[in-house]
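Student: Take this sequence and fold it.
(chains A and B)
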There are 2 protein chains.
Amino acid sequence: MKVTFQIEGASPVQIECNAGDNLLELARRANVAIDAPCSGNGSCGKCRVKLVEGEVESIPSRHITAEEYDAGWRLSCNSKVVADCTVFVPDIASAYQSRMKTADLSSPEEVAIFQKAQNQIQESGISFSNDYMALQLTMEAPGEDDTMPDIERLQWAVQAAVECKTVKVPYSVMVKLASTLRENDFKVCVKGKLDRNVFQCMEITPFEDTAIVGCAIDIGTTTVSMVLVDLTDGKILAKGSSGNGQIRYGADVINRIIESTRPGGRKKLQDAVVKETLTPIIANLCRSAGINARSILRLCIGANTTMNHLLVGVDADPVRMDPYIPSFFAWEGLLARDLNLPANPLAPVVIAPNIGSYVGGDITAGTLATMMWDKDEMTLFIDLGTNGEIVFGNRDFLMSCACSAGPAFEGGDISCGMRATDGAVEAVTIDGATMEPTLTIVGDAGQKPVGICGSGIIDIIAELFRTRIINAKGLFVREGDRVKRDQYGMGRYVLATAEESETGREVSINEVDIDNFIRAKGAIYSGIDTLLQSVDMTPECIDKVMVAGGIGSGINMKNAISIGMLPDVELEKYQYIGNSSLTGAYAMVVSDQAIEKCHEVGANMTYLELSTYPGYMDSFVAACFLPHTDASLFPSCVQED
Amino acid sequence: MKVTFQIEGASPVQIECNAGDNLLELARRANVAIDAPCSGNGSCGKCRVKLVEGEVESIPSRHITAEEYDAGWRLSCNSKVVADCTVFVPDIASAYQSRMKTADLSSPEEVAIFQKAQNQIQESGISFSNDYMALQLTMEAPGEDDTMPDIERLQWAVQAAVECKTVKVPYSVMVKLASTLRENDFKVCVKGKLDRNVFQCMEITPFEDTAIVGCAIDIGTTTVSMVLVDLTDGKILAKGSSGNGQIRYGADVINRIIESTRPGGRKKLQDAVVKETLTPIIANLCRSAGINARSILRLCIGANTTMNHLLVGVDADPVRMDPYIPSFFAWEGLLARDLNLPANPLAPVVIAPNIGSYVGGDITAGTLATMMWDKDEMTLFIDLGTNGEIVFGNRDFLMSCACSAGPAFEGGDISCGMRATDGAVEAVTIDGATMEPTLTIVGDAGQKPVGICGSGIIDIIAELFRTRIINAKGLFVREGDRVKRDQYGMGRYVLATAEESETGREVSINEVDIDNFIRAKGAIYSGIDTLLQSVDMTPECIDKVMVAGGIGSGINMKNAISIGMLPDVELEKYQYIGNSSLTGAYAMVVSDQAIEKCHEVGANMTYLELSTYPGYMDSFVAACFLPHTDASLFPSCVQED
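Tutor: Residues are numbered from 1 along each chain as shown, chains lettered A, B, ... in the order given. You can find the predicted model right below:
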């Protein structure tokens, strides 16, 4: 039996199979990317495919309407093959995952974040510099009276240029030493690192090619972002991002770990992030910056503990198994060549240290970027990623915890959810009288809505609650043109009708979405609450709140407070700091001392395990309302009459 | 147009081609191994193939008799394709190159050489030991009160077992750390090297697997030999050898360098030695010794300068081009992973240092093995390989030079020449009256002759000269049953008729062979002569002569003296020391201090360039007679009346 996948924008793929085989599993086996954030348990509704020919047997799903079903749409995770068939796989870029975005030298605001990080790091007394260098060397050609072989000639020239006892020449340089010297009349540039008395050569190039570059990478569960950085001055050369290719093995870390423990799984998950995600982004950034990838002499990674384990290809199962002790917190020794990354083969891949199974290097790197470890002020640092992690403290102590918030902030678990890319509704206001929405959409002028990203969801729920369209439990209590109900009576609010949308599919938010989101925001709030309690503090003690995450170009903090997601402290204490994991990785890639500092921050951070902390569950349940069962905690939350 | 190669003992190979294409070139393109020591200039006659079907156009050659021509035999280097054809390629093992010989745990004599080297090294005060170790570690499994991640757990355990400040865990160990710990209940063996305060982990295995192994390799231009050695006590675990796969690109280093400068040539030559030669031998030795290749923690190479350059894959052209300065003399930094050798990826590949373009690491390693650097006695060390290199000196000085002797000592340039493997005539006596030979043949009892190896050629020429069958110029001057002449009058001596031989082809030596050999032995003698002159010494000053090389199980020194190849000093001063390059590499692989000593020997050795040394050419011409134009130099050479 055969299934043919007709992939939008790509060549079709055929695979042999047996009757009864699951369609999503077949797609994975055939390396066909079908988005499946819930990893195939039927709950997310993202793995839609369209039957073109033949037959499959599918379990009905609330994610597929009757009209869609008649048109051939099915959830691949719910479908079994019963005969030869052809299915159409829509470009997943249009929904949850996005096409790679590279070479956008970013908005001035984004670049300003890195500039600010540099300034702050320097102000704290940490040198924003490193020991990588490009040495321009002019040598004589060998002759009858100058019988030094190439390698000694090079070593002497390096030692004349920089004080050192030993000059190490690795294989990668050795194999092209003779030809590079001769092709350039013995005028060359040698790139490498001076470590105490040893100069480690890493690359030999023509005299003029003096580029030395670092690569800072945030590997999120959902999104991977990176910047290419000039190692001499910290200048951003290129910036890019893309969905994490592992997403087809599940939206959350647990599903991916389970997938990785199957035969060949570790390699599969590693390939998905290394070969399919990091490699093309790095290659693209190098192209757009006009840089040879071998000039990348250091890479720094901010990523959660699971992503770090899957990246390295080590057994990640201990992360999720009692007693939740991962294979490594900090580990030095990874080189670009180990992962076959397009970079100098000897470039170290520096991983920001994990501090527990669920507080990883993205948080230590992010904490580095917040500068809270250098301040007297009590700072609350919240990273809203696929999960939510929270750090609280100052120069004297740092407490951290992880909330199982799920992927709602990045558009997962939400029927029309998507990442903050073109077509995402990122901000919303609703007219209380007419109930009509006003949308702000990511993309060029005239862009029609495709879905809703995290910041948009916060706005919608806040506005629906303020205008009393939904109640404190998130159920629809007003009727109107924009409020629809399905055959089971489930309400939804339509932001864009099928005609108004980019895709021809309605963009809306329903009661299940809202319920999912309320649980996510409840997890965040109760995490904050518990963390403060654990050090005998209250929200009044907070001097500063720094919110990070790829939730959109920014969060409407007032709205986030009014739905009870963030503590009700003065708005001016809030600051949105973008992708702090990437900012931290940026600081580390340029500054040797920042790497040390990040390890120090990690070693000094205390991890609080919420799930076993007394009182946490009660706090969570209490937070699963709008804004909270104890409304007095949110005095600034006002509903329209 | 198509050519099909019917390869003896292998599957046929077909290649598309054009009319006029050279048959040898086509074979190389198709990766069909045809022995071509002269690299296709028609002089060696080894590249014989048999036309089975179709047509080729060949230039007649003295290497193919009229009967052979009629039977379809051609030299592939002299043949052009003119139509579709099928040619039979005989197993080249039967002639010049040999099948791999591994797993022969060697004769007691051979093992004794290594034992002796160990004793001598130790007597000289050099420690026969290294810093590699296998640590058996027993750890606790992590638990709620013992939350150390795997890597720290391992690092602590190593530090409890051996004093060190840092424990480095590389990628290759990291990726299997978690699973190896758990599969073995946290009882494992860690293999690595202690270097000052740093323990570098290289491998993690089950508790009982404590093998740590080194690999000593002699890469000769013609033959590659190696031993697998227990790093804890220097015991030989396995021994093997095989022809150098590069031989199809030419018998001598110059032809191979030229081949390597063609597009893709460096990779091709590197692959020929690394993938086709070293890799299968190492794999075989590991199998026969029951060792996992990842337990090989160090490899040491004794090889000439060109072999070293081609091994590493660096541009070898400077070796042969004025001013003859190679890319490297000594270079540290090569790892097994760089060459994809079957060994621990982090195992250093230590190359014995070259001291000039034509005196390489095989000679410094060999000099190390002679112990002459530790003695007052004046020692002459002669390595008879594909070329001949000579070292003279003692603890106070070391002079060296290279003679362009060509491959005659290893059976090259000789029509029935072969390496010292099964079927090689390795010793000969001739009855002066009957002119009948008595042959000693390598192999089991009853082995019939296939060809003649170096030691056999020395004997034959010495005996032909002693019995006055040939004169001082190497021309036949007696007639008899065993002396034949071809249509041009060229004489030859038949050691075995077609009926008496293993292959059905006559085994004989002709005047061209003898002339080639006389020039080779002349090069050696004049090299010795010139080297002695350069330090104002004469043969009387020599206290000891050590002769090395894979010329056979041994050389009849008396015969070698009587043909004027070696100086006429007392026979008891002579000692045959086998493969000194391999012995030196063996000492280095086991002993850290021997590696240092070898570098010291290399740094202290003076290189004499013969070709530009005044008087060398005269000395060479004078030596191209039997035994010498000045017979008074060889008083012990006696001819029968």
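
Student: OK, contacts around the residue positioned nearest the centre of chain A?
Tutor: Nearest to the mean C-alpha position of chain A, by Cα atoms, centre = their mean, lies A:G220 at 2.5 Å. Residues near A:G220 by Cβ atoms under 8 Å, 6 or more residues apart in numbering or on different chains: A:244, A:303-304, A:307, A:362, A:385-386, A:410, A:550, A:581. (C-beta placed from N, C-alpha, C; glycine too.)

Student: Quick one, which of these has the minimum pLDDT?
Tutor: Within the set of those, pLDDT is lowest for A:G550 (65).

Student: re earlier: of the contacts of A:G220, which are in range of chain B?
Tutor: Subset of the contacts of A:G220 in contact with chain B: empty, counting by Cβ under 8 Å from any Cβ of the partner chain.

Student: Quick check: of those residues, which lies closest to B:M372?
Tutor: B:M372 lies nearest to A:A303 out of the contacts of A:G220, by Cβ to Cβ, at 58.9 Å.

Student: out of the contacts of A:G220, who has the most neighbours?
Tutor: A:S581 (35 neighbours; other Cβ atoms under 10 Å in any protein chain shown).

Student: That one looks like it's in a helix, true?
Tutor: Yes. Assignment of A:S581 by DSSP: H, G, I helix; E, B strand; the rest coil places it within a helix.

Student: Now do the contacts for A:I518.
Tutor: A:461, A:474, A:624-626.

Student: Quick check: which element contains it?
Tutor: In this assignment (DSSP states H and E), A:I518 forms part of helix A:511-534.

Student: and that helix, which residues are buried?
Tutor: A:511-514, A:516-532, A:534 (16 or more other Cβ atoms under 10 Å in any protein chain shown).

Student: right, and the helix or strand after it?
Tutor: Per DSSP H and E, the helix or strand that comes after helix A:511-534 is strand A:544-548.

Student: now for that following strand, which elements pack on it?
Tutor: The contact analysis (3 or more Cβ pairs under 8 Å, 6 or more residues apart in numbering or on different chains; DSSP states H and E) places strand A:544-548 against strand A:379-384, strand A:574-578, helix A:580-590.

Student: Parallel or antiparallel, list what pairs with that strand.
Tutor: strand A:379-384 (parallel), strand A:574-578 (parallel) (DSSP bridges).

Student: can you list these in JSON lines and add mean neighbour count and mean pLDDT?
Tutor: Below are the strands paired with strand A:544-548 laid out as JSON lines (neighbours: other Cβ atoms under 10 Å in any protein chain shown; pLDDT from 0 to 100):
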{"stretch": "strand A:379-384", "mean neighbour count": "26", "mean pLDDT": "94"}
{"stretch": "strand A:574-578", "mean neighbour count": "18", "mean pLDDT": "90"}
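
Student: can you redo those strands as a markdown table with distance to B:D209?
Tutor: Shown next, in a markdown table, are the strands paired with strand A:544-548 (distance: least, Cβ to Cβ, whole Å):
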| stretch | distance to B:D209 |
| --- | --- |
| strand A:379-384 | 44 |
| strand A:574-578 | 50 |
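
Student: so which of these comes closest to B:L137?
Tutor: Here strand A:379-384 is closest among the strands paired with strand A:544-548 (Cβ to Cβ), at 37.5 Å.

Student: Please compute how far the closest one lies from its chain's middle.
Tutor: Distance of strand A:379-384 from the chain centroid (Cα atoms, centre = their mean, to the nearest Å) equals 16 Å.

Student: Mind exporting the C-alpha coordinates of it to CSV?
Tutor: Output of strand A:379-384 as CSV, limited to C-alpha atoms (Å, rounded to 0.1, in the frame of the first residue of the first chain):
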residue,chain,number,x,y,z
THR,A,379,13.7,42.3,40.4
LEU,A,380,11.2,39.8,39.1
PHE,A,381,12.2,38.3,35.8
ILE,A,382,9.6,36.4,33.8
ASP,A,383,10.4,34.6,30.6
LEU,A,384,7.3,33.7,28.6
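
Student: can you list the residues that contact that strand?
Tutor: The contact list for strand A:379-384, computed with Cβ under 8 Å, 6+ apart, reads A:362-363, A:366-367, A:370, A:372, A:388-394, A:405, A:409, A:454, A:524, A:528, A:542-549, A:551, A:555, A:566-567, A:580-581.

Student: Before I go, just wanted to say thanks for your time.
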